[in-house]
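Colleague: Got a sequence here, can you build the structure:
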Amino acid sequence: MVYRKGELSKFRIDRDWPHQVALESRLCTGDNYLTHRFFCRDLSLCDRGHAFVRDGEYWNVFCFAEREHAERFQQRFGGEIMDPKDRPRWPAKNKKGAA
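Modeller: Next up, the predicted model:
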């Protein structure tokens with residue numbers, strides 16, 4: 001996969017911000033988006049996160065460098081603390097010509 005210059009790769013996010021909290025996407029829009037960002041202004045939140053689908057629901061993943069920050073975020077907003085290796089992945093795209 002090709003990344004734009006300076007863009008964080010998924011691998012680097014998981015390596016450098018391994019403490020991750022997943023919230024349902026419906027809880028991350030509108031005023032909640034601003035509330036999350038304001039709450040995290042002094043925390044080790046990565047500028048870029050992850051997303052996945054579970055049981056037809058979209059989830060946003062907030063990634064932190066420090067476990068204490070992830071726990072503080074989870075206590076305030078709920079969600080699930082998860083290890084990057086256990087996070088569901090997006091389904092692989094079919095390659096052209098694959099059956």
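
Colleague: longest strand in this protein, by residue count?
Modeller: Using DSSP state E to define each element, the chain has its longest strand at strand 57-64.

Colleague: buried sites along the next helix or strand after it?
Modeller: Next helix or strand after strand 57-64 toward the C-terminus (DSSP states H and E): helix 67-77. By neighbour count on 16 or more other C-beta atoms under 10 Å, the buried set for helix 67-77 is H69, A70, R72, F73, Q74, F77. Placement of C-beta: from N, CA and C, glycine included.

Colleague: Out of those residues, which is nearest to P84?
Modeller: The closest of the buried residues of helix 67-77 to P84 turns out to be A70 (C-beta to C-beta; 11.6 Å).

Colleague: who touches that closest one in this structure?
Modeller: A70 makes contact with H19, Q20, V21, F62, F64, I81 under the criterion C-beta atoms under 8 Å, 6 or more residues apart in numbering.

Colleague: bridging residues for the residue positioned nearest the centre of the chain?
Modeller: By C-alpha atoms, centre = their mean, the mean C-alpha position of the chain lies nearest to V61, the distance being 2.1 Å. On the basis of DSSP bridges, V61 is bridged to A22, H50.

Colleague: Hmm, it is touching E80, no?
Modeller: No - contact criterion C-beta atoms under 8 Å: V61 and E80 do not qualify, at 9.5 Å.

Colleague: which residues do the two both contact?
Modeller: Between them, V61 and E80 share the contacting residues V21, A22, judged by C-beta under 8 Å, 6+ apart.
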